[in-house]
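K.L.:
Need a 3D model of the following:
(chains A and B)
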Amino acid sequence: MAQTPTSTMSPEGAQAKAEKRAEAAPGLPRTGPGRLQEALRDAVMTAALAGVLGFFFLALRTDIAPGGLAITTRWGLWFSAIAIVFAGRLALNLFWFDKRGGGRAAVKTTAKTTVVSEGLDFMTIAGWVMFAVAVVLPFLIMWLLPGQQRQLIDLSILILTYVMLGWGLNIVVGLAGLLDLGYVAFYAVGAYSFALLSTHFEFIGFWVALPLAGLLAAIWGVILGFPVLRLRGDYLAIVTLAFGEIIRVVLLNWYQFTGGPDGISRIPKPTLFGLEFARGDDGFAAFFGLEYSTIHRFIFIYYIIFVLAIVTHLVTVRLRRLPVGRAWEAMREDEIACRSLGINTTNTKLTAFAIGAMFGGFAGSFFATRQGFISPESFTFLESAIILAIVVLGGLGSQFGVVIASIVMIGGIELLRNLGFLQQIFGEGFDPVRFRMLFFGMAMVAIMVWKPRGLISTREPSVVLKHRKKIGADMVSQGEGH
Amino acid sequence: MAQTTSVESGAHRRWENDPVLSVERLTMRFGGLVAVNDLSFDVGRGDITALIGPNGAGKTTVFNCVTGFYKPTEGRIVMRHGAGRKNDLVEELTASSAQHKSDGDGAVFLLERMADFTISHRARVARTFQNIRLFSGMTVLENLLVAQHNKLMVASGYTIGGVLMLPGYRKARGEAVDRAVYWMERTGLIDRADDPAGDLPYGAQRRLEIARAMCTGPHLLCLDEPAAGLNPRESAELNELLQFIRNEHGTSILLIEHDMGVVMEISDHIIVLDYGEKIADGDADQVKTDPKVIAAYLGVEDEEVLEQAEVLEVVAEAVGSKEEVARKIQRGGGEGGKQ
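P.N.:
Numbers count the residues shown, from 1 in each chain, chains lettered A, B, ... in the order given. All right, here's what the predicted structure looks like:
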């Protein structure tokens, strides 16, 4: 619609007028002498609007005075606000909207379903920024908030654990489109594998047990995969839900083997090439000539889960570009078409379950080593639901969405503990912590109303011939059970 | 119609001597309903064969049996790679419990014993669907790469080599993209390579489905109503595409179609079904003058009804020559259908 007419003859009629409006209204000329002028005019308009709107809120203030209301004027504040709006709008016009190819114009003229993005887009940049922050996060926390460092690093570890679990489940639910409500079973298998192996065999430490736990979880993934191969939709969800509960109930009742509700304690801590994070001559701190501090182990554990999560991410991204990943997504789109193209959907589903379960197993054994104690209580259905909620809120299939959703979900629950300021609004009798989960639930509902397909709902194609285009959620199927 | 004499002398009946696919005594029952009853036909190598018939005649059921989506109740479906009928090899295979058997210059497959995805992968029978089944959230290019899954899977070392970024996969992927580009150029989709398949207009989606099926490298391409919903120009383009596939790639084509323009123009061989049984089998000229076929399409019980002038008018409009129809009917009408 917004293409410049090539001939000198101009069309007439309503359609032509509409086209002209569309051309003229939203964007600013990208280059040329008119650009600065346009930007200035737009900024003046915005500033004027701010002036009108702000007049009654900023410039005039009424106070209760003896005998009625007293009006005080605050011209300084009003003018500053207008000036800030003007400068901000001008800067946006000149440096931001222009670079994005006409700001709102770009949104209006591209087709709704596909968004062309050339070069670096917002998500890539945000991803790298997040990665950089995550690399230095423990030291950042120690530098900025030394008082709460232990608590905050612990929270970061928890968030990263859920990021990893979310990425693992994303393979099954987001890519392969198989709704799995029992993902926590693999988390439990991983945790118990490591706990049992390390407490029964002294020579098995975290680094030996980690691949074994992943392997065992993958085997359980295949075991779950077989019975559910023929199931679709709600039935698939119910069976996976049952599977998760079966694993938990077995762990709870097989007392001789798993310790039942007592759980397993004294699970060994991870070591750095044999160096333990303990006080003493052969500990980490003594080896490097540092003063012993308990925070060392927290930082080390943080980096373990960080590396595990990054490995999960890299493998998933790689798999998406391999035939198996494309087959997963094709299966989510249309299973029958897959079979007509010679794809063995049985094997493809099993690989999705196995690889998703493997990452769950890795995360599980990390959980066991971090806690030092595990019991079936840690692996309830609520865990599965939270992990699934992270994947769904983030946007099915989106790696970046999982990160955002984990921070919001896990970090958000913690942040809501600090709602003291609400007491100032609602009075002393109000206990905000009691309403924590209510706020949280409302936030989730709000996200789903505002973004029904998750925070990041576009799909990145796995292979590009000429132009990288994001695919809108309305095209992408959600697979079985949605 | 100019070829009538040569056809009747039997010069071009490739399906009898060199069939790529033989359906033998195929029966498919769904509970009490007999969808296909004792059906036998051959599909000639390098032919464009059309399977036609009124709605509910069992055409798509035959397709689903051939491509393994249904297990036939009875009957044998033989797919042959390499020239000739290979009767000895087929009998040998039937006696054994194997799914396929190869000799020096080819192989035979018993499709009724094979799973749907191995039919596509091993026997090299590709298909499209009546209601288009594309991966609509994936780009056109991705759709065509999914079709080359098995080859790429081997090249990526069943994923392990691919994850470790071993070199072999990169080359194979390049070749797969080249093949996809080749088919996108042939089907006029190259400009939309990076668009999601669900965004394409209807005609382009039909072409993409054919391109995707061709990317599996089939010996036999089964098309279920490829011209449904196409405008006349798109229909003509489809004819060209199918003839290109047949002539340049030597792929045999079996199609179900209601658009008689397409069927009559490009088919070498037409098989007509009605109520799950074959009522005619031959080339276009034989079939379109066959009274049984005409009766089936008009839904009449007796051929006598066709004497009426207005019915003849309708028939002539549908199939071409009025005089020929009238002549055939007056001759008694028995000889058109072989069965």
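K.L.:
what mean pLDDT does stretch B:269-284 have?
P.N.:
Mean per-residue pLDDT for stretch B:269-284: 84.
K.L.:
Buried residues, it. List them.
P.N.:
Neighbour counts over stretch B:269-284 (16 or more other Cβ atoms under 10 Å in any protein chain shown) mark B:269-274, B:276-284 as buried. C-beta here means a position set from N, CA and C on the backbone, and glycine is covered the same way.
K.L.:
In the chain, where is pLDDT below threshold?
P.N.:
Assuming you mean chain A. Scanning chain A for pLDDT under 70 picks out A:1-34, A:97-120, A:274, A:278-281, A:285-286, A:419-424, A:426-430, A:432-433, A:480-482.
K.L.:
other chain: chain B
P.N.:
For chain B (pLDDT under 70), the answer is B:1-12, B:162, B:165, B:298-339.
K.L.:
can you pull out the strands in it?
P.N.:
B:19-30, B:33-44, B:48-52, B:74-81, B:100-103, B:106-110, B:125-127, B:220-224, B:252-256, B:269-274, B:277-282 (DSSP state E).
K.L.:
Single out the most deeply packed of those.
P.N.:
Mean neighbours per residue, mean count of other Cβ atoms under 10 Å in any protein chain shown, is largest over the strands of chain B for strand B:125-127, with a mean of 27.
K.L.:
quick check, that strand touching chain A?
P.N.:
Yes. Residues of strand B:125-127 contacting chain A under Cβ under 8 Å from any Cβ of the partner chain: B:126, B:127.
K.L.:
Spit out the contact partners of the residue in the stretch 201-339 of chain B positioned nearest to chain A.
P.N.:
Residue nearest to chain A within the stretch 201-339 of chain B: residue B:216 (5.7 Å; Cβ to the nearest Cβ). Applying Cβ atoms under 8 Å, 6 or more residues apart in numbering or on different chains to residue B:216 gives the contacts A:341, A:342, B:120, B:121, B:124, B:126, B:147, B:148.
K.L.:
Mind doing that once more with 6 Å?
P.N.:
Shown in contact with residue B:216 (Cβ atoms under 6 Å, 6 or more residues apart in numbering or on different chains): A:341, A:342, B:120, B:126, B:147.
K.L.:
Next up, the contacts around the third one.
P.N.:
Right, residue B:120. Residue B:120 touches A:340, A:341, A:342, B:216, counting by Cβ under 6 Å, 6+ apart.
K.L.:
so where does the closest residue to it other than its chain neighbours fall, helix or strand?
P.N.:
Leaving aside its chain neighbours, residue B:120 sits nearest to residue A:342 (3.6 Å; criterion: Cβ to Cβ, 6 or more residues apart in numbering or on different chains). Under the criterion of DSSP states H and E, residue A:342 resides outside all helices and strands.
K.L.:
tell me, how many neighbours does residue A:342 end up with?
P.N.:
For residue A:342, the neighbour count with other Cβ atoms under 10 Å in any protein chain shown is 26.
K.L.:
Can you pull the residues of the stretch 151-300 of chain B lying near chain A?
P.N.:
Counting by Cβ under 6 Å from any Cβ of the partner chain, the stretch 151-300 of chain B comes close to chain A at B:152, B:153, B:156, B:159, B:162, B:163, B:193, B:194, B:196, B:198, B:199, B:216.
K.L.:
burial measure for residue A:65, as a count.
P.N.:
Neighbour tally, residue A:65, other Cβ under 10 Å: 10.
K.L.:
what sits opposite it in the beta ladder?
P.N.:
With DSSP bridges as the criterion, residue A:65 is bridged to residue A:68.
K.L.:
how much space is there between it and residue A:73?
P.N.:
Residue A:65 sits 15 Å away from residue A:73, going by Cβ to Cβ, to the nearest Å.
K.L.:
same question, residue A:407
P.N.:
Applying Cβ to Cβ to residue A:407 and residue A:73 gives a distance of 44 Å.
K.L.:
out of the two, which sits in the more crowded spot?
P.N.:
residue A:407 (19 against 11).
K.L.:
how about the nearest residue to that one, chain neighbours excluded?
P.N.:
Leaving out its chain neighbours, the residue that sits closest to residue A:407 by Cβ to Cβ, 6+ apart is residue A:159, at 5.9 Å.
K.L.:
need the contact list for the one you found.
P.N.:
By Cβ under 6 Å, 6+ apart, the neighbours of residue A:159 are A:406, A:407, A:410, A:411.
K.L.:
Does the third one touch residue A:162 like I think?
P.N.:
It stands for residue A:410. Yes. Counting by Cβ atoms under 6 Å, residue A:410 does reach residue A:162; the two are 5.1 Å apart.
K.L.:
so what secondary structure elements neighbour the helix or strand containing residue A:360?
P.N.:
Using DSSP H and E, the element containing residue A:360 is helix A:345-371. In this structure, helix A:345-371 makes packing contacts with helix A:149-169, helix A:184-200, helix A:206-228, helix A:295-321, helix A:323-333, helix A:335-340, judged by 3 or more Cβ pairs under 6 Å, 6 or more residues apart in numbering or on different chains; DSSP states H and E.
K.L.:
do the last one and chain B meet?
P.N.:
Yes. Judged by Cβ under 6 Å from any Cβ, helix A:335-340 and chain B are in contact via A:337, A:339, A:340.
K.L.:
Please report the number of neighbouring residues for the first one.
P.N.:
It stands for residue A:337. Residue A:337, neighbours per other Cβ under 10 Å, totals 24.
K.L.:
One more: the last one?
P.N.:
Using other Cβ under 10 Å, residue A:340 has 28 neighbouring residues.
K.L.:
Enumerate every residue touching the closest residue to it other than its chain neighbours.
P.N.:
Leaving aside its chain neighbours, residue A:340 sits nearest to residue B:127 (5.2 Å; criterion: Cβ to Cβ, 6+ apart). Residue B:127 makes contact with A:340, B:67, B:222, according to Cβ under 6 Å, 6+ apart.
K.L.:
Can you tell me which of those is nearest residue B:91?
P.N.:
Comparing the contacts of residue B:127 against residue B:91 with Cβ to Cβ places residue B:67 closest, at 23.9 Å.
K.L.:
How about the closest one, nearest residue that isn't a chain neighbour?
P.N.:
Residue B:67 sits nearest to residue B:127 (Cβ to Cβ, 6+ apart), 4.7 Å away.
K.L.:
now the one you found, which residues is it bridged with?
P.N.:
Taking DSSP bridges, one obtains residue B:222 as the residues bridged to residue B:127.
K.L.:
ok, it to residue A:85 distance?
P.N.:
In terms of Cβ to Cβ, residue B:127 sits 62 Å off from residue A:85.
K.L.:
Residue A:220 now?
P.N.:
Distance, residue A:220 to residue A:85, using Cβ to Cβ: 59 Å.
K.L.:
for residue A:395, same thing?
P.N.:
33 Å.
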